Structures are given as C-alpha cells and as structure tokens.
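Visitor: The following block contains a protein sequence and its predicted model.
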Amino acid sequence: MNNALPDARDGLTRTERLVLYLIHDIQKERNGRNVPTVMLYGRVLEYVDMSEAELHVYLDRLGVRGDGTE
C-alpha cells in the first residue's frame, strides 16, 4: 500500500489520516487541550518513519496551526 496516494473518498493519504487521528486521540487524553508537537511526533513515529520537518509539512498541508503555548 502506497502511503503517498490520496484516497478517492476524501483526498487524504494514509499518513495524513493517521496524523489527524492521533491529534484527535491525544486531545481526548488531554481533555480537549492543545497537542504539543513533540508529543504528536512521538506517537507518529510509532507508525511511520519520518523526520520532524516532514511532520511539519503534513501539519501545514492539513491546516493544523499551533499557538506556541505548548
């Protein structure tokens, strides 16, 4: 399975979908609070081998913005 090909249903790649799922999951654990990027990066690495810079590219593409407080 190619992780770079977008799904026909919603246009997300497998990796983009994983990132969004993990953000949602961590937010639930943190009672709705913002997700620190370093925490997200650690979780993403459990599934996909990528650099921190690559994660930021995915976050930018998905429109996920941090407020810099965590």
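Guide: Done, it's in.
Visitor: remind me which residues of the protein are low pLDDT?
Guide: Scanning the chain for pLDDT under 70 picks out 1-3, 5, 7, 66-70.
Visitor: And what about Y58, helix, strand or coil?
Guide: Assigned with DSSP: H, G, I helix; E, B strand; the rest coil, Y58 falls in the helix class.
Visitor: Find the helix or strand that the residue nearest the centre of the chain is a member of.
Guide: The centre of the chain sits closest to V19, judged by Cα atoms, centre = their mean, with a distance of 2.4 Å. Per DSSP states H and E, V19 falls inside helix 14-29.
Visitor: And that helix, what's buried?
Guide: Under the neighbour-count criterion of 16 or more other Cβ atoms under 10 Å, helix 14-29 has R14, T15, E16, L18, V19, L22, I23, I26 buried. Glycine gets a C-beta too; all of them are placed from N, C-alpha and C.
Visitor: From what I see, the residue nearest to the centre of the chain and L62 are in contact.
Guide: Yes. Taking Cβ atoms under 8 Å as the definition, V19 is a contact partner of L62 at 6.6 Å.
Visitor: For the helix holding V19, output the C-alpha coordinates as CSV.
Guide: Only the C-alpha atoms of helix 14-29 are listed here, as CSV (Å, rounded to 0.1, in the frame of the first residue of the first chain):
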residue,chain,number,x,y,z
ARG,A,14,-2.8,7.2,4.9
THR,A,15,-0.2,9.3,6.7
GLU,A,16,-2.4,12.4,6.8
ARG,A,17,-5.3,10.4,8.1
LEU,A,18,-3.0,8.9,10.8
VAL,A,19,-1.8,12.4,11.9
LEU,A,20,-5.4,13.6,12.2
TYR,A,21,-6.5,10.5,14.1
LEU,A,22,-3.5,10.9,16.5
ILE,A,23,-4.2,14.6,17.1
HIS,A,24,-7.9,13.7,18.0
ASP,A,25,-6.8,10.8,20.2
ILE,A,26,-4.3,12.9,22.1
GLN,A,27,-6.7,15.7,22.5
LYS,A,28,-9.2,13.3,24.1
GLU,A,29,-6.5,12.1,26.5
